[in-house]
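In: Here is my input; please provide its structure:
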Amino acid sequence: MRHSLVAAAATVAFLLGGAANQAYAERQPRMRDALAHLETALSDLRAANSDKGGHRVKAIQLTEQAIAAVRDGIQFDNRH
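Out: Purely as a prediction, here's the structure:
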């Protein structure tokens, strides 16, 4: 009996935790989508094979700044 109570409690905790994570993840879907796109762009910029007259390096720096700003915005919103 004790084993089944522990299993039931674990199941409830798991389901509630999943629901909380789902609600949390959906709070800022556009910011999270933007973050994913920026991270893909950064990867593509880093994979480019030439400097493009300094513009590629500048684009990498600006994209890194944008990623940091989006992350900061997500954290701010999650706290307020």
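
In: which residues in this protein form helices?
Out: Ranges of helices in the chain, per DSSP state H, are 2-26, 29-47, 55-79.

In: neighbours around the closest residue to residue 60 other than its chain neighbours, how many?
Out: Distances taken as Cβ to Cβ, 6 or more residues apart in numbering place residue 45 nearest to residue 60, at 5.0 Å, with adjacent residues excluded. C-beta here means a position set from N, CA and C on the backbone, and glycine is covered the same way. Neighbourhood size, residue 45 [other Cβ atoms under 10 Å]: 19.

In: residues touching the nearest residue to residue 64 once chain neighbours are set aside, list them.
Out: Using Cβ to Cβ, 6+ apart and skipping residues adjacent in sequence, the residue nearest residue 64 is residue 42, 6.6 Å away. For residue 42, the residues meeting the contact criterion (Cβ atoms under 8 Å, 6 or more residues apart in numbering) are 60, 63-64, 67.

In: any idea how far residue 77 is from residue 42?
Out: Distance of residue 42 to residue 77, given as Cβ to Cβ, to the nearest Å: 22 Å.

In: Residue 50 is in contact with residue 56, isn't it?
Out: Yes. Between residue 50 and residue 56 there is a contact under Cβ atoms under 8 Å: 7.2 Å.

In: which of the two has more neighbours?
Out: Per other Cβ under 10 Å, whichever of residue 50 and residue 56 has more neighbours is residue 56, with 15 against 6.
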